[in-house]
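A.B. asks: sequence and computational prediction follow.
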Amino acid sequence: MLQNQIGKNVVRLDGFIANKQVMYRNIYEHLCKIANNFGINVVYLRFPEGLGGLRGLYVKYANERPIIVINNKLNIIKRTETFAHELAHYFLGHGWKFSEHEDEKCSKHIREAETEAQMLALKLIELLRGGEGKRLKEYFSCAAMWK
């Protein structure tokens, strides 16, 4: 559990000091393994300006492997958070068709899905950060259980 912040990139975790970027790099590597175990392609693209701060997206076409697209301009911390968020969309079974005219019901559904994905992403990062990676790996290695 995060106890207090010491500096911009250094935090104190349960009595020892760890570099935040190194910690997130380790979490990122775990997320890569999870995505690989589930057959999810991960693609990095330079997103054009004017996309409203879009950091990533999850794409699933019928009968195709799912794809997570991540903005390659992100630092390791934001990249890891984005990866976890998009992976959460996969596990939650999210997906919707984009249309030119979003009605209020659709907007509400998207907001709820984004909130749900963010909550799962935070939990996933917390588990991987807190040394639960081995136990979590056991859950995620049973891919058939999640499909």
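C.D. replies: Here it is on my side, so go on. Here the structure is a predicted model, which is why all the values come from computation and not from measurement.
A.B. asks: how near is Leu74 to Thr80?
C.D. replies: Distance, Leu74 to Thr80, using Cβ to Cβ, to the nearest Å: 9 Å. (C-beta placed from N, C-alpha, C; glycine too.)
A.B. asks: quick one: which of those two has more around it?
C.D. replies: Counted by other Cβ atoms under 10 Å, Leu74 and Thr80 do not tie: Thr80 has more neighbours, with 26 against 17.
A.B. asks: so how far is Gly93 from the more buried one?
C.D. replies: 22 Å.
A.B. asks: pLDDT weak spots in the protein?
C.D. replies: Along the chain, the parts satisfying pLDDT under 70 run over 1-18, 96-106, 131-147.
A.B. asks: can you map out the helices along it?
C.D. replies: 20-37, 76-91, 104-129, 133-141, 143-146 (DSSP state H).
A.B. asks: and of these, who's closest to Gly50?
C.D. replies: Gly50 lies closest to helix 76-91 among these, at 18.2 Å (Cβ to Cβ).
A.B. asks: next, the angle from the closest one to helix 20-37.
C.D. replies: Interaxial angle of helix 76-91 relative to helix 20-37 (axes from the mean of the first three to the mean of the last three Cα atoms, to 10 degrees): 30 degrees.
A.B. asks: could you list the alpha-carbon positions for helix 76-91 in PDB?
C.D. replies: What follows is helix 76-91, C-alpha atoms only, in PDB (Å, rounded to 0.1, in the frame of the first residue of the first chain):
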ATOM      1  CA  ILE A  76       5.900   4.300 -18.900                       C
ATOM      2  CA  ILE A  77       3.500   5.300 -16.100                       C
ATOM      3  CA  LYS A  78       0.700   6.500 -18.300                       C
ATOM      4  CA  ARG A  79       1.400   3.700 -20.800                       C
ATOM      5  CA  THR A  80       0.900   1.100 -18.000                       C
ATOM      6  CA  GLU A  81      -2.200   2.700 -16.700                       C
ATOM      7  CA  THR A  82      -3.600   2.900 -20.300                       C
ATOM      8  CA  PHE A  83      -2.700  -0.700 -21.000                       C
ATOM      9  CA  ALA A  84      -4.400  -1.900 -17.800                       C
ATOM     10  CA  HIS A  85      -7.500   0.200 -18.600                       C
ATOM     11  CA  GLU A  86      -7.800  -1.200 -22.200                       C
ATOM     12  CA  LEU A  87      -7.100  -4.800 -20.900                       C
ATOM     13  CA  ALA A  88     -10.000  -4.300 -18.400                       C
ATOM     14  CA  HIS A  89     -12.300  -3.500 -21.300                       C
ATOM     15  CA  TYR A  90     -11.400  -6.900 -22.800                       C
ATOM     16  CA  PHE A  91     -12.100  -8.800 -19.500                       C
END
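A.B. asks: cheers, nothing more for now.
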